[in-house]
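In: heads up, no residue letters with this:
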């Protein structure tokens, strides 16, 4: 080593990231916290009444002779899946355009709207049910007591999570600049929303969708107090007569949710090339919007897109 040279610092210290052994330790601890309850639930489902372990409880759950016993459980699972699909549709069709409209067209209302979306978290679920009870009385008299009407209350419960996931992506993509560029090229608001906003907030929408499904499938208080049969309500009823069936159903639902979360976390966004800061980079949003909306760009924009 020469006299003027200095020892190189570790790569982790230069990048600001924790060392590899610490990351592995944290990952192992987190996985253990999730795996231990799942393994305990699985061990419980294997217990036999005469002692030892076996799959008799798993077999009994799919036995056609027991279909009458588990009919309410099957109905609750179907209702929860239907409510999850409808609530996800509410997030996509109603919440997304509203959030984009407030974020881009009425930025002064963004703070008030954000405070409004926090209320479902601040207000206890039982208080929310008491407030919604008169409204649901009118809904039942008008539309009937169908299970899909519960999605209106679930939409309120998932609003805070969907709002934060979507707004974070809007702020990160520079939505205002892209929308102004697309509008200057003659794109309609529907085209801007479909071909500029939705691709830009894809990860946020995916997060909102997964969170919505998790909240709907795990919700108990609202559905129970409003006398609706969902998966959680059916699990409580079945656990009184057959706790093994309730634990098996809960275990399967947790494994499916963890698998979906793992798949989502494994998806890597496509990297974007860094553009040099120049006069051409100032027109990059316009060229990007032209490509997204399918609008013919001007010769200058075409040159920028080719050089960028």
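Out: Looks like it arrived, so ask away. Every value quoted in this text rests on a predicted model; they were computed, and no experiment measured them. Numbers count the residues shown, from 1 in each chain.

In: Could I get the full set of helices for the stretch 151-300 of the chain?
Out: 175-184, 189-192, 198-200, 202-218, 221-225, 231-241, 243-266, 279-282, 284-293, 299-307 (DSSP state H, counting those that start in this stretch).

In: Tell me the buried residues in the fifth one?
Out: Just to be clear, that refers to helix 221-225. 222-224 (16 or more other C-beta atoms under 10 Å). Placement of C-beta: from N, CA and C, glycine included.

In: Dump those into a markdown table; add pLDDT and distance to residue 41 as well.
Out: Shown next, in a markdown table, are those (pLDDT from 0 to 100; distance: C-beta to C-beta, whole Å):
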| residue | pLDDT | distance to residue 41 |
| --- | --- | --- |
| 222 | 87 | 25 |
| 223 | 88 | 23 |
| 224 | 87 | 22 |
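
In: First-to-last residue distance for stretch 87-95?
Out: 10 Å (C-alpha to C-alpha, to the nearest Å).

In: And for stretch 42-61?
Out: 14 Å.

In: Just give me how far that stretch sits from the chain centre.
Out: Offset of stretch 42-61 from its chain centre (C-alpha atoms, centre = their mean, to the nearest Å): 34 Å.

In: Next: stretch 186-193.
Out: 26 Å.

In: lowest-confidence helix or strand of this structure?
Out: Least confident helix or strand of the chain, by mean pLDDT, DSSP states H and E, is helix 279-282 with a mean of 41.

In: picking that back up, what would the helices of the stretch 151-300 of the chain look like in JSON lines with distance to residue 47?
Out: As requested, those are exported to JSON lines (distance: least, C-beta to C-beta, whole Å):
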{"stretch": "helix 175-184", "distance to residue 47": "54"}
{"stretch": "helix 189-192", "distance to residue 47": "57"}
{"stretch": "helix 198-200", "distance to residue 47": "49"}
{"stretch": "helix 202-218", "distance to residue 47": "25"}
{"stretch": "helix 221-225", "distance to residue 47": "29"}
{"stretch": "helix 231-241", "distance to residue 47": "15"}
{"stretch": "helix 243-266", "distance to residue 47": "8"}
{"stretch": "helix 279-282", "distance to residue 47": "65"}
{"stretch": "helix 284-293", "distance to residue 47": "57"}
{"stretch": "helix 299-307", "distance to residue 47": "65"}
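
In: By mean pLDDT, show me the worst of these.
Out: Lowest mean pLDDT within these: helix 279-282, at a mean of 41.

In: Just send the buried residues of helix 221-225 back as a markdown table, with distance to residue 234 too.
Out: Compiled in a markdown table, the buried residues of helix 221-225 are given as follows (distance: C-beta to C-beta, whole Å):
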| residue | distance to residue 234 |
| --- | --- |
| 222 | 15 |
| 223 | 10 |
| 224 | 11 |
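
In: Residue 74: which of those residues is nearest?
Out: residue 223 (16.1 Å; C-beta to C-beta).

In: Provide a list of residues in contact with the closest one.
Out: 150, 229-230, 232-233 (C-beta atoms under 8 Å, 6 or more residues apart in numbering).

In: from the residues you listed, which would you call buried?
Out: Of the contacts of residue 223, these count as buried by 16+ other C-beta under 10 Å: 150, 229-230, 232-233.

In: Show me what the single longest helix found in the chain is packed against.
Out: Across the chain, the longest stretch assigned as helix under DSSP state H is helix 20-45. Helix 20-45 sits against helix 243-266, with contacts defined as 3 or more C-beta pairs under 8 Å, 6 or more residues apart in numbering; DSSP states H and E.

In: relative to helix 20-45, how tilted is the helix it packs on?
Out: Compare the direction of helix 243-266 with that of helix 20-45 by axes from the mean of the first three to the mean of the last three C-alpha atoms, to 10 degrees and you get 160 degrees.

In: Begin at 692, not 1, for the rest of this chat.
Out: Renumbered: residue one is now 692, and that last one reads helix 934-957.

In: Give me the contact list for helix 934-957.
Out: With C-beta under 8 Å, 6+ apart, helix 934-957 has contacts from 725, 729, 732-733, 735-736, 738, 748-749, 751-752, 761, 764, 768, 897-898, 901, 904-905, 908, 922, 926-927, 929-930.

In: Next: stretch 884-903.
Out: In contact with stretch 884-903 (C-beta under 8 Å, 6+ apart) are residues 775, 778-779, 782-783, 786-788, 791, 849, 852-853, 856-861, 864, 866, 869-870, 873, 878, 951-952, 955, 960, 980, 983-985.

In: how distant is that stretch from the center of its chain?
Out: Relative to its chain's centre, stretch 884-903 lies at 10 Å (C-alpha atoms, centre = their mean).

In: That one: end-to-end distance?
Out: Start-to-end, stretch 884-903 (C-alpha to C-alpha) is 21 Å.

In: and it, which residues are buried?
Out: So stretch 884-903, judged by 16+ other C-beta under 10 Å, has buried residues 884, 886-888, 891-892, 894-896, 898-903.
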